[in-house]
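In: sequence first, predicted model second:
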Amino acid sequence: MTKSGQHPSPFPTAEQLLRSHHMRVTPQRRLVLSWFLAHPGEHWTAEQVRERLLTQLPELARGTTYKVLNEFVRLGMLEEIPSRDDSLRYGLRLDPHHHFFCETCQRWYDIKPQGLAQLQLNGDDRDRFCVTDVLVTFRGVCQHCQDPSIRL
Ligand SMILES: [Zn+2]
Ligand SMILES: [Zn+2]
């Protein structure tokens with residue numbers, strides 16, 4: 001327990017992460033990254049992130065938000081998942097995971113499915129493609145949408 005009575009976060013702070021990636025600590029980078037560190041397992045559009053941070057940094061421009069998000073995606077700290085409505089959603093990716101997409105509430109859940117280590121390309125495809133990452137999405141209906149009395 002820390003002095004404030006909160007459990008310590010399992011993740012490094014935004015500043016530590018920026019420094020370990022040799023990135024200059026700017027207010028925009030620190031704020032955006034802190035937002036994701038405070039909400040692991042949740043996925044947001046760039047506009048949702050910006051709207052929520054405007055109270056702390058009113059001059060946070062749309063273009064800057066996208067630029068910062070893309071930097072973090074490139075460095076592997078954030079993931080970028082396509083949404084049905086064409087907008088990308090961003091989530092923390094310090095801990096590798098896959099997704100379950102609920103077709104009813106349109107929410108993305110982080111999951112860690114079994115057996116993926118055995119997943120491989122077929123012979124022909126192995127020659128055609130060089131794999132850098134594997135992202136698996138399961139789709140269906142989440143427990144909460146099956147029974148609203150269950151909270152996730
Ligand atoms: Zn749902
Ligand atoms: Zn995720």
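Out: Alright, I've got the coordinates. Ligands and ions are numbered 1, 2, ... in the order given.
In: restrict the helix or strand hosting R30 to CA atoms and write it as CSV.
Out: Per DSSP states H and E, R30 falls inside helix 27-38. Output of helix 27-38 as CSV, limited to C-alpha atoms (Å, rounded to 0.1, in the frame of the first residue of the first chain):
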residue,chain,number,x,y,z
PRO,A,27,2.9,17.3,-21.0
GLN,A,28,0.9,15.8,-23.9
ARG,A,29,2.8,12.5,-23.9
ARG,A,30,2.7,12.2,-20.1
LEU,A,31,-1.0,12.9,-19.9
VAL,A,32,-2.1,10.6,-22.7
LEU,A,33,0.1,7.7,-21.5
SER,A,34,-1.1,8.2,-17.9
TRP,A,35,-4.7,8.0,-19.1
PHE,A,36,-4.1,4.5,-20.6
LEU,A,37,-2.0,3.4,-17.6
ALA,A,38,-5.0,4.3,-15.3
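In: next up, the contacts around the residue in the chain positioned nearest to ligand 2.
Out: Here the chain gets closest to ligand 2 at one residue, G91, 3.7 Å apart by C-beta to the ion. Any C-beta I mention is one placed from the backbone N, CA and C, and that applies to glycine too. Going by C-beta atoms under 8 Å, 6 or more residues apart in numbering, G91 touches F36, G41, E42, H43, W44, L78, E79, I81, W108, D110.
In: still on that earlier bit, buried sites along the helix holding R30?
Out: Q28, R29, R30, L31, V32, L33, S34, W35, F36, L37 (16 or more other C-beta atoms under 10 Å).
In: nearest to ligand 1 among these?
Out: F36 (21.7 Å).
In: helix or strand: which one has the residue nearest the centre of the chain?
Out: Centroid check for the chain by C-alpha atoms, centre = their mean gives G91 as the closest residue, at 1.1 Å. In the assignment (DSSP H and E), G91 maps to strand 88-92.
In: just D86 next, same as before
Out: Counting by DSSP H and E, D86 is found in no helix or strand.
In: what's the burial count for it?
Out: Residues near D86, counting by other C-beta atoms under 10 Å, number 6.
In: gap between it and T45?
Out: 10 Å (C-beta to C-beta, to the nearest Å).
In: now do V141
Out: 22 Å.
In: the helix holding R30: how far from the chain's middle?
Out: Centroid separation between helix 27-38 and its chain, computed with C-alpha atoms, centre = their mean, to the nearest Å, is 12 Å.
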